[in-house]
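A.B. asks: next comes the sequence, and after it the predicted model I'd like to discuss.
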Protein chains: 2
Amino acid sequence: MGDEAQRLAEIVGEHHLLTGEDVSEDYAGDESLVGEPVTPKYVVKPATAAEVAAVLAVATEHRIPVTARGSGSGLSAAARPHPDGILVSFERMNAILEIDTTNHVAVVQPGVTLSELDSQTAASGLGYTVYPGEMSASIGGNVGTNAGGMRAVKYGVTRNNVLGLQAVLPTGEVIRTGGKTVKTSTGYDLTQLVIGSEGTLALATEITVRLHPRLTHGATVLAPFGDLDQVMTAVPAIVSSGLAPHVLEYIDALTMAAITYTAQLSLGIPDEVRDATQAYLVVGLESREADRLDGDVETLGELLGELGATDVYVLEGGSARKLIEAREKAFWTAKTAGADDVIDVVVPRAAMPEFLRRAREVAAGTESGVVGCGHAGDGNVHLAIFQKDPAKRASLLHDIFAMAMELGGAISGEHGIGRAKKEHFLELEDPAKIELMKRVKAAFDPAGILNPGVLFD
Amino acid sequence: MGDEAQRLAEIVGEHHLLTGEDVSEDYAGDESLVGEPVTPKYVVKPATAAEVAAVLAVATEHRIPVTARGSGSGLSAAARPHPDGILVSFERMNAILEIDTTNHVAVVQPGVTLSELDSQTAASGLGYTVYPGEMSASIGGNVGTNAGGMRAVKYGVTRNNVLGLQAVLPTGEVIRTGGKTVKTSTGYDLTQLVIGSEGTLALATEITVRLHPRLTHGATVLAPFGDLDQVMTAVPAIVSSGLAPHVLEYIDALTMAAITYTAQLSLGIPDEVRDATQAYLVVGLESREADRLDGDVETLGELLGELGATDVYVLEGGSARKLIEAREKAFWTAKTAGADDVIDVVVPRAAMPEFLRRAREVAAGTESGVVGCGHAGDGNVHLAIFQKDPAKRASLLHDIFAMAMELGGAISGEHGIGRAKKEHFLELEDPAKIELMKRVKAAFDPAGILNPGVLFD
């Protein structure tokens, strides 16, 4: 082993440093459909913030690229390592350090999965409300991408639910930002800056997340619409209603066919209704009290009717859960169906009809397939792209991203830019902002070791 | 006029540049009780982002300090100008550019006051939910300090309610961050970085804020407690209840006496209850429906009884509004009463009893008076400090801030650091974080023109 390998082994222990043939394929990337896996030179599995700090200090000294990895469920290749680099896997830093039921927070290590946190908080009647659709995702990874998911329409995204961090700077210093307080105005908000920075500024080694009371009564309402535009114009009306849905999803007819087929799920929708449907809204409501929930479901049903739904179905517990799960697995369905990319443009809620109409026009012009679903309440449109030709696909994506930005939106709502969308990001984003972000990056990471190639070249 | 004065006059127009005797006392500071007013060399009143950009470009070229001013209602002297500097007053940039009822946002210029925005949004049934207690405050100022206020317990602080900015960098570049979208994961979140930066990173020239549906039915409940500790332990229980109060304030007995006396407000509390009260909770509830509100008030009343309230009063509309107003004017009451400083420490909610007990002990040890009220649901404690001797006062503040940090809190929850608390901030905060923040500052402002002396020396 070389000098740097030896120092890494001393820091994390020989058993927790992998090199050469010991580095399995699992560490070579995330779930992005774009680009090829890359095996890193080293995988280190630190157990403490001090070990992470020591690893980063070595990396800065030797100018070795460092990529962080949680569960590897990201979709933008931000966890795809550098071939000469160190992959810091947080698999051993997977402890829930505290569930504080008085302050309504949990303090966790970055490798904790959403599933683990959910099950450990259940008894307290509190829960973490970020559900990006993949419960094996790690909280550290969620911080990296500013993960969102279905419930963001009510509870916000990761950014709104992380109160504090312990983070290791690339220079090896360990800092604490924020904490168990819900607000602060004491210097720059470094917590918010690190969230969504895709492992390029600092590595979170401890995360304080908000917990919310679990509302015990829930219902899922499914509403087919004959026209996609109607679905989209219904969304702001539902948001305005004060019903405060915790799920507000649209699913186009083709995606619904695919996900229900994959999940072997029958929703009991009559053939004639289904055949006349262009898209569905799925609305989740929850309440402290059963009778209030009943009242809200009734109000929602009437509202959906006024807004043009051809029918309204209140799904039973089992099928409701299965439909939500099937929707969460839409990425896997798209992958199985041979999708060449999956994107998650965000636009102002009211711009969704125009965005979708124009996206389909552009797709038709390039003989590409574009189908999707999305977090309608957030204006976050998930599209599966079917176009085998890389040049045509790049041109299509460029046009779709440019259109989203023209409508006041952004390239990604929750998946991040990573390596997968960097080229478009750098081309379409205001150069003054890119330069400013690069200077901010240099303020954190003067040696440029953290995730080079992600966000910037 | 010198060369720089002439260039400034050319940019904003002669009538909108003030110098010398024309600069009135109004521009010499904000409402901070600490330090003396400072008359700036120039006051400029730009009308557009392009004018702001041109002013900053001149300032960077000539290394002239620049301080931004909204309504001047800040409490940390962040709007106190530099004697050789330019004060950029946003009084002419006070237009509401758009109220977008479909996307639930308003786009405003920084000089728009909360009062103006509130009245202009009323007809839409939507509203901006940041109420820092001073409706003449400007939205630009709110962005600078990350203002909070009573309703933050339900709706969050400024940070949670600003979606996008147009901002001018000190180098004169105009950028746009975020927008009408509720989420994004596309590069670093520059919106969040500028919010709370107290005019040291960039000047916001356009602000996109979230609007929320106005819930039409509201009630205010007042609960006296014989013991301050009981008030504080009641708070997390109310937050956990799922009742989702939009106001959750504590007011200690002395502060209640002062603010009701000043407001000439009688709450109809019997003498024997009042005399046995150490502190009060004020809880505001709101609902879409009158009968749900009634149910919630009843549930809250029972809960308060279980939590040790000696009585529960549901205040009538008029006295409820007056009490809330009186609470909002607590700063003015404290000022009239001769307070020497007003601070707004934040601690984890559950740490409030210990914090207040220890703060009173420290105060007693230095023969200082410390009375207060606060946003109990947020752990944000507002204390009026009575201690004439500057050295004793500095020592007392140091001890109080250190104690808040030891309990996991921060020096300021919503007022900011400004010039008033900078000495304590620089002394108590982790030097690695201070250095990192300074590097971030330099990334935005290489010439160091924006608000030098605020946050850092």
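C.D. replies: Sure, I can see it.

A.B. asks: rest of the way, CA atoms for contacts and neighbours
C.D. replies: Will do.

A.B. asks: what are the ranges of the helices in the stretch 301-450 of chain A?
C.D. replies: A:317-328, A:330-336, A:352-365, A:390-406, A:422-428, A:431-444 (DSSP state H, counting those that start in this stretch).

A.B. asks: and the angle from the third one to helix A:390-406?
C.D. replies: With axes from the mean of the first three to the mean of the last three CA atoms, to 10 degrees defining the directions, helix A:352-365 sits at 160 degrees from helix A:390-406.

A.B. asks: got the buried residues for helix A:352-365?
C.D. replies: Burial within helix A:352-365, assessed by neighbour count using 16 or more other CA atoms under 10 Å in any protein chain shown, is assigned to A:352-353, A:355-356, A:358-360, A:362-363.

A.B. asks: from the chain's centroid, how far away is it?
C.D. replies: How far helix A:352-365 lies from its chain's middle: 23 Å, per CA atoms, centre = their mean, to the nearest Å.

A.B. asks: try stretch A:212-229
C.D. replies: Computed by CA atoms, centre = their mean, the chain-centroid distance of stretch A:212-229 equals 20 Å.

A.B. asks: before we move on, back to that, which of the helices of the stretch 301-450 of chain A sits closest to chain B?
C.D. replies: Closest of the helices of the stretch 301-450 of chain A to chain B is helix A:431-444, at 5.1 Å (criterion: CA to the nearest CA).

A.B. asks: about what we covered before: let's have the buried residues of helix A:352-365 in a markdown table, adding pLDDT and distance to chain B.
C.D. replies: Shown next, in a markdown table, are those (pLDDT from 0 to 100; distance: CA to the nearest CA, whole Å):
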| residue | pLDDT | distance to chain B |
| --- | --- | --- |
| A:Met352 | 92 | 11 |
| A:Pro353 | 88 | 13 |
| A:Phe355 | 95 | 13 |
| A:Leu356 | 92 | 16 |
| A:Arg358 | 94 | 19 |
| A:Ala359 | 94 | 18 |
| A:Arg360 | 91 | 21 |
| A:Val362 | 93 | 23 |
| A:Ala363 | 93 | 23 |
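
A.B. asks: how about those residues in JSON lines, adding distance to A:Asp189?
C.D. replies: Shown next, in JSON lines, are the buried residues of helix A:352-365 (distance: CA to CA, whole Å):
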{"residue": "A:Met352", "distance to A:Asp189": "31"}
{"residue": "A:Pro353", "distance to A:Asp189": "35"}
{"residue": "A:Phe355", "distance to A:Asp189": "33"}
{"residue": "A:Leu356", "distance to A:Asp189": "35"}
{"residue": "A:Arg358", "distance to A:Asp189": "38"}
{"residue": "A:Ala359", "distance to A:Asp189": "36"}
{"residue": "A:Arg360", "distance to A:Asp189": "40"}
{"residue": "A:Val362", "distance to A:Asp189": "40"}
{"residue": "A:Ala363", "distance to A:Asp189": "41"}
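
A.B. asks: point out where chain A drops to low pLDDT.
C.D. replies: A:1 (pLDDT under 70).

A.B. asks: domain ranges for it?
C.D. replies: A:3-89, A:96-213, A:217-329, A:332-421 (automatic domain parsing).

A.B. asks: contacting residues around A:Leu243?
C.D. replies: Contacts for A:Leu243 (CA atoms under 8 Å, 6 or more residues apart in numbering or on different chains) come out as A:285, A:296, A:300.

A.B. asks: circling back: so which of the domains of chain A comes closest to B:Ser24?
C.D. replies: Set against B:Ser24 and scored by CA to CA, the domains of chain A come closest in domain A:96-213, at 29.5 Å.

A.B. asks: start to end distance for the closest one?
C.D. replies: 19 Å (CA to CA, to the nearest Å).

A.B. asks: close to chain B, is that domain?
C.D. replies: Yes - remark: domain A:96-213 sits within contact range of chain B at A:102-103, A:145-147, A:157, A:160, A:173, A:175, A:179-190, A:192-194, A:196-197, A:212-213, by CA under 8 Å from any CA of the partner chain.

A.B. asks: quick check: end-to-end length of stretch A:169-177?
C.D. replies: 12 Å.

A.B. asks: how close does whatever residue of the stretch 151-300 of chain A ends up closest to chain B get to B:Pro348?
C.D. replies: Residue nearest to chain B within the stretch 151-300 of chain A: A:Thr184 (4.1 Å; CA to the nearest CA). Distance, A:Thr184 to B:Pro348, using CA to CA: 11 Å.

A.B. asks: settle it for me: which of those two has more neighbours?
C.D. replies: A:Thr184 (32 against 26; other CA atoms under 10 Å in any protein chain shown).

A.B. asks: out of everything not next to it in sequence, what's closest to that one?
C.D. replies: Excluding the flanking residues, the one nearest A:Thr184 by CA to CA, 6 or more residues apart in numbering or on different chains is B:Gly413, at 4.1 Å.

A.B. asks: Three-state assignment for the residue of the stretch 151-300 of chain A closest to chain B, please.
C.D. replies: With DSSP: H, G, I helix; E, B strand; the rest coil as the basis, A:Thr184 sits in coil.

A.B. asks: would you agree it is in contact with A:Thr177?
C.D. replies: No - in this structure, A:Thr184 is not within contact of A:Thr177 by CA atoms under 8 Å, at 10.3 Å.

A.B. asks: and A:Glu272, what helix or strand is that in?
C.D. replies: Secondary structure from DSSP states H and E places A:Glu272 in helix A:271-275.

A.B. asks: that older thread, the residue nearest to A:Thr184 - how many residues pack around it?
C.D. replies: 31.

A.B. asks: surely it meets A:Ser185?
C.D. replies: Yes - B:Gly413 lies in contact with A:Ser185 (CA under 8 Å); the separation is 5.1 Å.

A.B. asks: related to what we said a few turns ago, out of the domains of chain A, which comes closest to B:Leu315?
C.D. replies: The minimum distance between B:Leu315 and the domains of chain A falls on domain A:217-329, with 24.9 Å, by CA to CA.

A.B. asks: ok, A:Ile86 to chain B distance?
C.D. replies: Counting by CA to the nearest CA, to the nearest Å, the gap from A:Ile86 to chain B is 23 Å.

A.B. asks: excluding covalently adjacent residues, which one is nearest to A:Phe355?
C.D. replies: A:Ala404 (6.7 Å).

A.B. asks: SS state for A:Pro236?
C.D. replies: Under three-state DSSP, A:Pro236 comes out as helix.

A.B. asks: any idea how far it lies from B:Val108?
C.D. replies: 21 Å.

A.B. asks: okay, the two: which has more neighbours?
C.D. replies: B:Val108 (24 against 20).

A.B. asks: contacting residues around the residue nearest to the more buried one when sequence neighbours are not counted?
C.D. replies: With sequence-adjacent residues excluded and distances taken as CA to CA, 6+ apart, B:Val108 is closest to B:Ile96, at 4.4 Å. B:Ile96 makes contacts with B:106-109, B:112, B:117, as judged by CA under 8 Å, 6+ apart.

A.B. asks: distance-wise, check B:Ile96 relative to chain A.
C.D. replies: According to CA to the nearest CA, B:Ile96 and chain A sit 18 Å apart.
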